[in-house]
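[1] Quick one: sequence and predicted model below, then my questions.
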Amino acid sequence: MACAPPAPGQVGFAYGLFFNNPSQPVFRLGTQSQFFGGTNVWSFEAGEGQLDYFFFGGGPDHTMNQVLQRYAELTGSPTLPPKWAFGYHLSRWSY
């Protein structure tokens, strides 16, 4: 997940990128590119050639909460353990 800081007087833009691939990924963040006029380029690739990723936008308000909500819709959110597990866990500590 990433959040770009806004410039003065502009609205920030939050986004998320979920890279779902069983092979080893290669990330090149901020490398110089001769093809794009020497600007910084972010690139990523998969070792086996299959590229499976999901992009999450921040919605109309560009908030990180919207990005996390959309990520949870894809992967599911964790469930809380039962109440007895909290007491059991705390009673196992030796104070």
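    Yep, it's here.
[2] where in this protein is pLDDT low?
    The model of the chain has pLDDT under 70 over residues 1-12, 31-39, 88-95.
[3] Apply 90 and report the result again.
    Of all residues in the chain, those with pLDDT under 90 make up the ranges 1-69, 75, 77-95.
[4] which helix is the longest one in it?
    Once the chain is assigned using DSSP state H, the helix that runs over the most residues is helix 64-75.
[5] That one packs against which elements?
    Where contact means 3 or more Cβ pairs under 8 Å, 6 or more residues apart in numbering; DSSP states H and E, helix 64-75 is packed against strand 13-19, strand 53-57. In short, each C-beta sits where N, CA and C put it, glycine included.
[6] Please name whichever of the ones you listed is nearest to T79.
    Proximity to T79 (Cβ to Cβ) singles out strand 13-19 among the helices and strands packed on helix 64-75, at 20.2 Å.
[7] can I get the CA coordinates of the closest one in PDB?
    Below are the C-alpha coordinates for strand 13-19, written out as PDB (Å, rounded to 0.1, in the frame of the first residue of the first chain):
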ATOM      1  CA  PHE A  13      -4.000  10.400  -3.700                       C
ATOM      2  CA  ALA A  14      -4.000   7.100  -1.800                       C
ATOM      3  CA  TYR A  15      -3.700   3.800  -3.700                       C
ATOM      4  CA  GLY A  16      -2.900   0.100  -3.100                       C
ATOM      5  CA  LEU A  17      -1.300  -2.500  -5.200                       C
ATOM      6  CA  PHE A  18      -1.600  -6.200  -4.300                       C
ATOM      7  CA  PHE A  19       0.900  -8.400  -6.100                       C
END
